[in-house]
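Participant: whatever this is, show me its structure:
(one chain, ligands or ions: 2)
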Amino acid sequence: ADVPRTITIMNESGRRVEIYWISPDDGELVLQSDPDILDGTSLELNSFVGHSFEVRELPGKKSGVCDGEGQTCRVDYFTVNPNNDQIVFVREGISVDHTDSKIVANRSASTVLDTCKSAAVSQLTAAGPHMAPSIFDSLGECIKRGLAIEIEKANEEIAFQAEIRHGIADLIENYTCADMTLNTTEAKRTEYWEGRRVDVMIDRPVAKIHLVENFLTQEECQAVEERAAPILHDATVADGSGGQHLSDARKAKQAGIKVHWDKEAEGDLIASLSRRVYDYVNHVLPFNITENGQEDLMSIQYFGRGPDDEKPDRYMPHCDGDCNGMDFRTGQRMATIVMYCDIPEVGGQTRFRNSNVHIVPKKYAATFFSYIDPVTMKMDSGFTQHSGCPVVEGEKKIVTQWIRLGVDDETPWSSFNTLGVKYTDAENQ
Ligand SMILES: O=C(O)CCC(=O)C(=O)O
Ligand SMILES: [Fe+2]
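Facilitator: Ligands and ions are numbered 1, 2, ... in the order given. Next up, the predicted model:
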């Protein structure tokens, strides 16, 4: 598939230039720059990895000719590579200098290395070879310090960008929830799991978001709803000291559904649904999760009371487990599956505002997300923060499974402190 890249073209040539895309089929040149790129200006080009371009000098307005040999117009070429932050400088003489994130990183590493190396060489010359061991030590220290400064600069920039992005996400939350023309985000990639279509929305080591079609059946939804009906109650929020209280952050009804594993063999609908949940988790994550010690399934139901309702049923932005970018703590949540049984007429989208992933619920589909890097065991830093948008019209009924790592029959989920674990169910403890 075509991998898109945006390329910045900076004209520093002292001449006016134009850019042509070179068609790989017949070499035909297709003009990309209109108007021409004046000296000292730039152009953003939306292209794809592997596409090639020609940079062409334009004749002077007054002279009517180019500056090349025999007044020919000089050209140079570049091809889009897979790296990020590609900048094509058009230098004097129409020679192209193509830089990207890798080249820039290499250059700053080389600068550090060169500085440290020349210091070491002059020390060695002054002090003589018997000092080599200690000079090597200080060379190592010098490189370490230099690279640490570069990494810190990059991290500071990332943190700054994240802060801005989170601010924007917060600001537009209500608009995006209210925008009924906003469709489900387009998938980065589509896969299949046991015959079901899986749209991969975000695929980072530490944060994954999948939309799985036909994850459960109408019969399974009905089985959950029947069990939920007599025990449905107001949802509560963990208060951080082991207690539960009502909160505007989460307005909905819920009921914990225990799975009768002893009936799995005879085809119990809820047990087979729950088994599918763990199968999917194990399909994505390398943890061999079992049902032992896990939280119950949770039926969550939102009721729409029309557009004039000032406190509609909703689930304000939150993370299901830790999302502070820190180390995973044993027994905590690290993945979630939200399964959609009943779809509201208006509202109720699942929104991952920091990832710009918007999901309009689809009957019997499921949103899977994980928030742990299985290699580093670090937690997500906010990409999987999500909300259930206000339900305005109709009913939204979902089944959620929060999945923990490090629980078993002896140390079930309830034996781990609920500090930082939001939105569980007091009735179930
Ligand atoms: O209602 C939704 O779409 C989101 C539900 C949710 O955040 C959860 O169950 O943890
Ligand atoms: Fe959640």
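
Participant: contacts and neighbour counts: CA atoms only from here.
Facilitator: OK.

Participant: not counting sequence-adjacent ones, nearest residue to residue 269?
Facilitator: Distances taken as C-alpha to C-alpha, 6 or more residues apart in numbering put residue 220 closest to residue 269, at 5.5 Å, once the chain neighbours are dropped.

Participant: quick one: what helix or strand has that neighbour in it?
Facilitator: helix 218-228 (DSSP states H and E).

Participant: helices or strands up against that helix?
Facilitator: strand 253-257, helix 269-284, strand 297-303 (3 or more C-alpha pairs under 8 Å, 6 or more residues apart in numbering; DSSP states H and E).

Participant: show me what the helix or strand following it is packed against.
Facilitator: Proceeding N to C from helix 218-228, the next assigned helix or strand is strand 233-234, under DSSP H and E. Counting by 3+ C-alpha pairs under 8 Å, 6+ apart, the packing neighbours recorded for strand 233-234 are strand 253-257.

Participant: can I get the strand it packs on in CSV, CA atoms only?
Facilitator: Extracted as CSV, the C-alpha positions of strand 253-257 are listed here (Å, rounded to 0.1, in the frame of the first residue of the first chain):
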residue,chain,number,x,y,z
LYS,A,253,-26.6,2.1,35.1
GLN,A,254,-24.5,-1.0,35.5
ALA,A,255,-24.5,-4.6,36.7
GLY,A,256,-21.7,-7.0,37.2
ILE,A,257,-22.2,-10.3,35.5
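
Participant: and stretch 158-176, anywhere near ligand 1?
Facilitator: No - for stretch 158-176 and ligand 1, the contact criterion (C-alpha under 6 Å from any ligand atom) is not met; the two come no nearer than 13.8 Å.

Participant: list the buried residues in that stretch.
Facilitator: 165, 166, 169, 173, 176 (16 or more other C-alpha atoms under 10 Å).

Participant: in CSV, list those along with secondary structure.
Facilitator: Output for the buried residues of stretch 158-176, formatted as CSV (DSSP: H, G, I helix; E, B strand; the rest coil):
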residue, secondary structure
165, helix
166, helix
169, helix
173, helix
176, helix
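
Participant: the residue of the stretch 51-200 of the chain found nearest ligand 1: what secondary structure?
Facilitator: Nearest residue of the stretch 51-200 of the chain to ligand 1: residue 177, at 11.3 Å (C-alpha to the nearest ligand atom). When classified by three-state DSSP, residue 177 comes out as helix.

Participant: about what we covered before: can you put the helices and strands packed on helix 218-228 in CSV and add mean neighbour count?
Facilitator: Formatted as CSV, these follow (neighbours: other C-alpha atoms under 10 Å):
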stretch, mean neighbour count
strand 253-257, 23
helix 269-284, 18
strand 297-303, 24
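
Participant: can you list the buried residues of stretch 158-176 in TSV and add distance to residue 228 and pLDDT?
Facilitator: Listed next are the buried residues of stretch 158-176 as TSV, based on distance: C-alpha to C-alpha, whole Å; pLDDT from 0 to 100:
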residue	distance to residue 228	pLDDT
165	39	93
166	36	92
169	34	92
173	30	92
176	31	95
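
Participant: in stretch 24-39, what counts as buried?
Facilitator: Buried residues in stretch 24-39 (16+ other C-alpha under 10 Å): 32, 33, 36, 37, 38.

Participant: widest-spaced pair of those residues?
Facilitator: 32 and 38 (14.0 Å; C-alpha to C-alpha).

Participant: who touches both of those two?
Facilitator: Residues touching both residue 32 and residue 38 do not exist when contact is defined as C-alpha atoms under 8 Å, 6 or more residues apart in numbering.

Participant: pLDDT wise, what is the residue of the stretch 201-350 of the chain at minimum distance from ligand 1 at?
Facilitator: Nearest residue of the stretch 201-350 of the chain to ligand 1: residue 350, at 3.9 Å (C-alpha to the nearest ligand atom). Per-residue confidence (pLDDT) for residue 350: 98.
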